[in-house]
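Engineer: Pasting the sequence and the predicted model now:
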Amino acid sequence: MNRASLIAPLILISIGVLFLVNNIRPDLSVWRIVATYWPWVLVGWGALRIVEILYTWQAGQLLPKAGVNGGEWAFIIFLCFFGAGASAAGRVTNWPGNLRVLGWDMMGDTYDFPLHGEQTADGVKKIVLENLRGNARLVGGEGTLVKVDGRSMIRAIDRQSAERANQQAPLAISRQGDILYIRTSQERWSGRERLTAELDIAVPRNVAIECKGRNGDFDVTGVTGAVDIDSDNAGVRLNDVGSARIEVRRSDIVRASNVKGTVEVKGRGEDLDLENIVGQVTVDFRYTGDLRFRQLAKPLRFRSDSSELSMERINGEVRMSTGEIDGDDFTGPAKIVVRSRSRDIKLNNFTQALEIELDRGDIELAPGRLPLSAIDARTRSGAVTVSMPSKAAFQLSATTKRGEYENEFGAPLTSDAQDRGGVIKGTTGAGPKVNVSTERGSITIRRSEVATASTALMPAPPEPPASPKLPKPEDQ
Amino acid sequence: MNHANLLTALRGPVLLLVLGLLFVMDQSGGLQFINTWPALIIVYGFFRLLESLAVKNSLGPTGGAQ
């Protein structure tokens, strides 16, 4: 080409102008304009180059071999990816922090609109709340009035578009038979504006509650009916409710306390905290944080992608994290199975049979209570430590295929070398079988004292004595 | 004048222009680029076709003189 193209200098100039304008007039939302109109750069570039080539041809000069060379194509492809990404980010309106990409969120603002509504709920058995985005708090109380107070927060470029969105998505309370629906109607608005509702709802005490949402927390207190929560992304807090069924796809916390009936939790999330549950607890939950179970009067059935746990009753506490399972003061028959993950298991003060199957991780058991029940604990790789009450009757067999073995309990238990590991075994009387084994790792059998028939004082870990009034009936 | 060379030179810019237009349509909420991209192949093929025809023509009557 005889003449240098105009394209490169023009692009440089425009980039400079864009940054300059962005710095001088931050209110102009330059990046938003770029994200919307960037394809015109390609169109302009192509058109300009066509004109240049035709001009060259007209002038009878030598034509370039390729109208757009390799380096330019690389730049164009980069531009396409960048542009498509930026405009996609601008288009998605319901992820948190939306429009914050490249900082053009500065342009938008949040506008608040009050939400208010009330309706008598005589004879209503169930209240269904549909709030796609936003937090809701439901509190049961005396009376038969359902009262909703709150605000709708609308993220928009200007007040006008926020008002338009608000008109399209009013708070609606409607009744069908004995079901009362409360809807924020956010799904009716399909524009770019992002609607979030913050609701405070007073409900009669004796109703069932059903909440549906996509993103936002649910907080329910003081109702005697069943509570059913279904959300994609929610923190759930329930206190003093009849029963609970919770399904979340992603959650930072699920907490339920003082539940009179059953609790069922399904989904994925970080933390789970259940306390004082009268009914059976069924949990199918993939977790990344901590799980805490306290005072469960009826059986617990827990399942996640890699582990299973079941217990008949928990008077004390069972905690699970991604690395450990700690249990204190619970009743079996209990079973813990962990596959393909590593967990250290530490259990104290339990009664009834116990079974543990572990791939990797240490096991530390201190039954602490008399009478003992059968224990069967196996790990493929990890140390096993068992503290047996000195006065208990049991038949013990502890094996390591490869590792050290130590009999701190003393007589009548005996230890023998076997292959590259060893066996500790013996009988202290006619009692249950205690079998523990590891394929790789040390085995230690300790002696512990039992203060009373039901309370143990652990010698090794400096823990406080267990609750003195142990066989207390669960508070109803 | 050699039309074949002109077509070769124009091929890139025209493709670029079409690419830009496809993204404009995508942006304006019309057809999505993910559906319309084959248009680029068609345009490219069309240009190759025209080029080969142009070469043939310039070879034909003038006896291959470039």
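Structural biologist: Cool, the structure landed.
Engineer: what about the closest residue to residue A:399 other than its chain neighbours, which SS state?
Structural biologist: In space, residue A:399 comes closest to residue A:437 once its chain neighbours are excluded; the distance is 4.3 Å by CB to CB, 6 or more residues apart in numbering or on different chains. Heads up, the C-betas are built off the backbone N, CA and C, glycines and all. Following DSSP: H, G, I helix; E, B strand; the rest coil, residue A:437 is assigned to strand.
Engineer: burial count for residue A:437?
Structural biologist: 20 (other CB atoms under 10 Å in any protein chain shown).
Engineer: pretty sure it contacts residue A:400?
Structural biologist: Yes - the criterion here is CB atoms under 8 Å, and residue A:437 meets it with residue A:400 at 7.2 Å.
Engineer: what's the overlap in contacts for these two?
Structural biologist: The contact sets of residue A:437 and residue A:400 overlap at residue A:384 (CB atoms under 8 Å, 6 or more residues apart in numbering or on different chains).
Engineer: Bridged to the residue nearest to residue A:399, which residues?
Structural biologist: Beta-bridge partners of residue A:437, counted by DSSP bridges, are residue A:378, residue A:399.
Engineer: so what pLDDT did it get?
Structural biologist: Predicted confidence (pLDDT) for residue A:437: 93.
Engineer: contacting residues for it?
Structural biologist: A:377, A:378, A:379, A:384, A:398, A:399, A:400, A:401.
Engineer: out of the residues you listed, which one sits closest to chain B?
Structural biologist: Closest approach between these and chain B, by CB to the nearest CB: residue A:379, at 50.9 Å.
Engineer: what number of residues lie near the closest residue to residue A:404 other than its chain neighbours?
Structural biologist: The spatially closest residue to residue A:404, leaving aside those adjacent along the chain, is residue A:442, at 4.3 Å (CB to CB, 6+ apart). For residue A:442, the neighbour count with other CB under 10 Å is 18.
Engineer: Hmm, residue A:442 is touching residue A:402, no?
Structural biologist: No - Residue A:442 is beyond contact range of residue A:402, at 9.8 Å (criterion: CB under 8 Å).
Engineer: related to what we said a few turns ago, in contact with the residue nearest to residue A:404, which residues?
Structural biologist: A:383, A:384, A:400, A:403, A:404, A:405, A:406.
Engineer: what about it, distance to chain B?
Structural biologist: Distance from residue A:442 to chain B, counting by CB to the nearest CB, to the nearest Å: 59 Å.
Engineer: Validate this expectation: residue B:50 resides in a helix.
Structural biologist: Yes - when three-state DSSP is applied, residue B:50 is found to be in a helix.
Engineer: Surely it touches residue B:7?
Structural biologist: Yes - here residue B:50 reaches residue B:7: they are 5.3 Å apart, a contact under CB under 8 Å.
Engineer: and the two? which has more neighbours close in?
Structural biologist: Regarding residue B:50 and residue B:7, a neighbour count based on other CB under 10 Å identifies residue B:7 as having more, with 21 against 16.
Engineer: Which helix or strand contains the more buried one?
Structural biologist: Assigned by DSSP states H and E, residue B:7 belongs to helix B:3-27.
Engineer: Now that helix: buried residues?
Structural biologist: B:4-27 (16 or more other CB atoms under 10 Å in any protein chain shown).
Engineer: near chain A, from those?
Structural biologist: B:5-6, B:8-24, B:26-27 (CB under 8 Å from any CB of the partner chain).
Engineer: burial count for residue A:182?
Structural biologist: With other CB under 10 Å as criterion, residue A:182 counts 23.
Engineer: Enumerate the residues of chain A near chain B.
Structural biologist: Close to chain B, as judged by CB under 8 Å from any CB, chain A has residues A:36-47, A:49-50, A:53-54, A:57, A:63-69, A:72-73, A:76, A:80, A:83-84, A:87.
Engineer: ok, residue A:46 - contacts?
Structural biologist: B:13, B:14, B:15, B:16, B:17, B:18, B:19, B:20.
Engineer: brain fart, residue B:55
Structural biologist: Residue B:55 makes contact with residue B:4, according to CB under 8 Å, 6+ apart.
Engineer: Distance from the strand or helix carrying it to the middle of the chain?
Structural biologist: Here residue B:55, judged by DSSP H and E, is contained in helix B:38-59. Here helix B:38-59 is found 7 Å from its chain centre; the criterion is CA atoms, centre = their mean, to the nearest Å.
Engineer: so what's residue A:296 up against?
Structural biologist: A:274, A:277, A:281, A:311, A:313, A:314.
Engineer: partner residues bridging it?
Structural biologist: With DSSP bridges as the rule, residue A:296 is bridged to residue A:277, residue A:314.
Engineer: cool, residue A:253 as well?
Structural biologist: Bridge pairing for residue A:253 - DSSP bridges - gives residue A:271.
Engineer: Check whether it really touches residue A:285, as I assumed.
Structural biologist: No - contact criterion CB under 8 Å: residue A:253 and residue A:285 do not qualify, at 11.8 Å.
Engineer: Report the secondary structure element holding the residue of the stretch 201-350 of chain A found nearest chain B.
Structural biologist: Of all residues in the stretch 201-350 of chain A, residue A:214 sits closest to chain B, at 23.1 Å by CB to the nearest CB. Using DSSP H and E, residue A:214 maps to strand A:208-215.
Engineer: chain center to the helix or strand just after that strand: distance?
Structural biologist: Going down the chain from strand A:208-215, the next helix or strand is strand A:218-233, by DSSP H and E. What separates the centre of strand A:218-233 from the centre of its chain is 16 Å, taken as CA atoms, centre = their mean.
Engineer: Which positions in strand A:218-233 come out as buried?
Structural biologist: Within strand A:218-233, judged by 16+ other CB under 10 Å, the buried ones are A:218-221, A:223-233.
Engineer: what pLDDT does the spatially most central residue of chain B get?
Structural biologist: With distances taken as CA atoms, centre = their mean, residue B:47 lies nearest the centre of chain B, 3.6 Å away. If you check residue B:47, the pLDDT there is 88.
Engineer: Hmm, it is touching residue B:7, no?
Structural biologist: Yes - counting by CB under 8 Å, residue B:47 touches residue B:7, with 6.1 Å between them.
Engineer: hang on, residue A:372 in a strand?
Structural biologist: No - assessed with three-state DSSP, residue A:372 is coil; it does not lie in a strand.
Engineer: Neighbours of it, how many?
Structural biologist: Residue A:372: 22 surrounding residues under other CB under 10 Å.
Engineer: got a list of what it touches?
Structural biologist: So residue A:372 contacts A:388, A:389, A:392, A:393, A:394, A:431, A:432, A:434 (CB under 8 Å, 6+ apart).
Engineer: related to what we said a few turns ago, from the contacts of residue A:442, list the buried ones, please.
Structural biologist: A:383, A:384, A:400, A:403, A:405.
Engineer: Ignoring the adjacent residues along the chain, who's closest to the third one?
Structural biologist: The reference is to residue A:400. residue A:421 (3.8 Å).
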